[in-house]
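# Please find the sequence and the predicted model below.
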Amino acid sequence: MQAGYVKFYISTGFLPTADILALAAAADRLGYDGVGIPDHVVNFAELATRYPYTADGQRRWPPFTDWPDPWVLIGALAQITTRVRFVTTVYVAALRDPYSAAKAIGTAAVLANGRLELGLGVGWCEEEFALMGQPFTGRGKRTEEAVELMHDLWAPGWTERDGDHYRTPRLEMTPNPPPIPVLFGGLTDLALRRAARYDGWVGDLMTTEQALGVVARLRDYRTALGRDADEFTVLAPLTDLLGPADVARAEAGGITHILTQPWFYYCKPDAPVEAKIDAMAAFRRDFRLDSP
C-alpha cells in the first residue's frame, strides 16, 4: 500500500481536537499507516527555558493551541479506526508518576488492540516540571527506570521492584496490554544513544540529509550494542519531501517512517478539515503511495 517499505504517519500537532478525529478516520480510510500525537500538559505565557528546536529559541505554536491528552485521544481514535497505529511524538513520562502513566498508556493500548507505539522524550521545559511537582534534573534516568517499571506493570502477574527512583511494593495492574514498542526522541548524542537501546527514534523537523546523518549514527550505536540495525524504527518529519524520488532516497538511507501533514502541500494550515482530507488523498496520489 505504500512506496517501498516506508510508512506514512499523519502528524496531529497544533490541530483543533475536532479536526484530529476527522483526520484520523480519513487516514484510516485512505491507507495511511499511523497517526502521531504530541504532548504538553500546559502552555506557559512566559518561559525562561529556551525551546531547543528552533533557531531563536521560541516555541512553534501560538497561545491557546490545542494539546489534547494523548491517551484520552488515542482511546477515542481507536474507536473510530481499525488499522492505523498511534505514536506519541513525544510523551514526557518524567512529568508524571510511572504508575499513572502506565495505567493510561496500557489502557489506551488495550482500547487500540495493540495499535500503539510509545514515543518518549525526557522533556525540555523546566517550568512544566516544576508545575507538575517533578524534578527537572535526572529526568533521563528516571524515564529509563520508568520504562522498565511500566514493562513490568504491563505484564501478567505481580510486580515488585526496588529501583533508584521508584520503589514498588508487591502489586498488579490490570488490564494487561499487548506489547508496546518504545521509541525515544531527542537530538543530542546522549538521546541518540538512549534511543538505540530501545525500538526506535522519533525525529524533529529536519531535512532528509540531516535525518540520514542521524540514521547513520543510530546504526553505529545499534551495532556497537550488538543489536540489529535493521530492526529499528526511524520516524522522521522531513521538511524537503517533494515527491516519490525523495521518498525513495529516505527509504534507501534507512528512514522507515515519515511523519507528515499533507495539507501543507495543497492548502493553508487553517483550511477547513474537508480541504485537509482532500489534501491527504492528493498526497497519496502525487507521491504514488498506492503504487505496487
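Looks like it came in fine.
# Please, where are all the strands along the stretch 101-250 of the chain?
116-120, 159-162, 167-171, 182-185, 200-202, 233-236 (DSSP state E, counting those that start in this stretch).
# Make TSV out of these and add mean pLDDT.
Shown next, in TSV, are the strands of the stretch 101-250 of the chain (pLDDT from 0 to 100):
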stretch	mean pLDDT
strand 116-120	98
strand 159-162	97
strand 167-171	98
strand 182-185	98
strand 200-202	98
strand 233-236	98
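# Out of those strands, which is closest to Ala224?
strand 200-202 (15.3 Å; C-beta to C-beta). No exception for glycine: its C-beta is placed from N, CA and C like everyone else's.
# Does anything pack onto the closest one? Which helices or strands?
strand 116-120, strand 182-185, helix 189-196, strand 233-236 (3 or more C-beta pairs under 8 Å, 6 or more residues apart in numbering; DSSP states H and E).
# Can you name every helix or strand that the last one contacts?
For strand 233-236, the helices and strands in contact under the criterion 3+ C-beta pairs under 8 Å, 6+ apart are strand 200-202, helix 208-224, strand 257-260.
# redo that, cut-off 10 Å
If you count contacts as 3 or more C-beta pairs under 10 Å, 6 or more residues apart in numbering; DSSP states H and E, strand 233-236 packs onto strand 7-11, strand 116-120, strand 182-185, strand 200-202, helix 208-224, strand 257-260.
# Pick out the residue closest to the middle of the chain.
Thr89 (2.6 Å; C-alpha atoms, centre = their mean).
# From Ala104, how far off is that one?
Separation of Thr89 from Ala104 (C-beta to C-beta, to the nearest Å) stands at 17 Å.
# Give me the pLDDT for the residue nearest to the centre of the chain.
Per-residue pLDDT puts Thr89 at 98.
# what does Leu218 give?
Looking at Leu218, its pLDDT reads 98.
# Quick one: closest of the helices and strands packed on strand 233-236 to Leu289.
Once the helices and strands packed on strand 233-236 are compared by C-beta to C-beta, strand 7-11 is nearest, at 6.4 Å.
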